[in-house]
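Asks: Got a predicted model here, sequence first, then my questions.
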Amino acid sequence: MEIAREQHWYRIPVEQVEKLKRRNCWFPKWLAFYQTKAFAREEAHTVTYYARVKGIREVYRWELFPDQPRDDNSQKRDCKLEIATLQKLARPIVSNRLRRITFIPTTLKKLKAAKEINDLWDESPLEDRLWQELKRLESGQNARSG
């Protein structure tokens, strides 16, 4: 987060990018950041910040971290996403299951409307309808039992 906040870039290993390309989830216009339990308690397990992607280029890892030793790891390729200033969401998007998350394809509209991590997925209109119906049924059950 410090690099994203201060230097305005984020890296994704090329292997991950290849997976995203196969799922037709590449070239991102926006990047949102899921914060793990390592962050402050109020931001842990949430998406709180996002930024517009200004540019993408493939680089060697040693180019991103020139102070680190030149070894096999430094020869790996990453996609460097150059980003605008981080913006804070009006309300954090929570992960109720406190799981590890890598990349979730979504839209800016879903990002701004989401209340929980599962609201972000943008796979197909059918899956969107199914998710909305499951949430509706769950909220109806909670209203009856509460």
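Replies: Yes, it's here.
Asks: can you tell me which residues contact Thr46?
Replies: Tyr34, Gln35, Pro92, Ile93, Val94, Ser95 (Cβ atoms under 8 Å, 6 or more residues apart in numbering). Yep, even glycine has a C-beta here, placed from its N, CA and C like the rest.
Asks: Bridged to it, which residues?
Replies: Gln35, Val94 (DSSP bridges).
Asks: picking that back up, most neighbours among the contacts of Thr46, which one?
Replies: Using other Cβ atoms under 10 Å as the neighbour criterion, Ile93 leads those with 24 neighbours.
Asks: Please name the nearest non-neighbouring residue to it.
Replies: Val47 (4.2 Å; Cβ to Cβ, 6 or more residues apart in numbering).
Asks: pretty sure that neighbour is in contact with Phe33, am I right?
Replies: Yes: taking Cβ atoms under 8 Å as the definition, Val47 is a contact partner of Phe33 at 6.5 Å.
Asks: who has more neighbours, those two?
Replies: Val47 (23 against 18).
Asks: Show the contacting residues for that one.
Replies: Ala32, Phe33, Tyr34, Gln35, Leu89, Pro92, Ile93, Leu111, Ala114, Ile117, Leu120.
Asks: Quick one: mean pLDDT over the longest helix along the chain.
Replies: As assigned by DSSP state H, the longest helix anywhere in the chain is helix 125-145. Averaging pLDDT along helix 125-145 yields 72.
Asks: Dump the C-alpha coordinates for it into PDB.
Replies: Only the C-alpha atoms of helix 125-145 are listed here, as PDB (Å, rounded to 0.1, in the frame of the first residue of the first chain):
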ATOM      1  CA  PRO A 125     -25.400 -11.400 -16.000                       C
ATOM      2  CA  LEU A 126     -26.900 -14.800 -15.000                       C
ATOM      3  CA  GLU A 127     -24.500 -15.100 -12.000                       C
ATOM      4  CA  ASP A 128     -25.300 -11.500 -11.100                       C
ATOM      5  CA  ARG A 129     -29.100 -12.400 -11.000                       C
ATOM      6  CA  LEU A 130     -28.400 -15.600  -9.000                       C
ATOM      7  CA  TRP A 131     -26.300 -13.700  -6.400                       C
ATOM      8  CA  GLN A 132     -29.000 -11.000  -6.100                       C
ATOM      9  CA  GLU A 133     -31.700 -13.600  -5.600                       C
ATOM     10  CA  LEU A 134     -29.600 -15.500  -3.000                       C
ATOM     11  CA  LYS A 135     -29.100 -12.200  -1.000                       C
ATOM     12  CA  ARG A 136     -32.800 -11.400  -1.300                       C
ATOM     13  CA  LEU A 137     -33.800 -14.800   0.100                       C
ATOM     14  CA  GLU A 138     -31.200 -14.600   2.900                       C
ATOM     15  CA  SER A 139     -32.500 -11.100   3.900                       C
ATOM     16  CA  GLY A 140     -36.100 -12.400   3.900                       C
ATOM     17  CA  GLN A 141     -35.100 -15.300   6.200                       C
ATOM     18  CA  ASN A 142     -33.200 -13.000   8.500                       C
ATOM     19  CA  ALA A 143     -36.300 -10.700   8.700                       C
ATOM     20  CA  ARG A 144     -38.500 -13.600   9.600                       C
ATOM     21  CA  SER A 145     -36.200 -15.100  12.200                       C
END
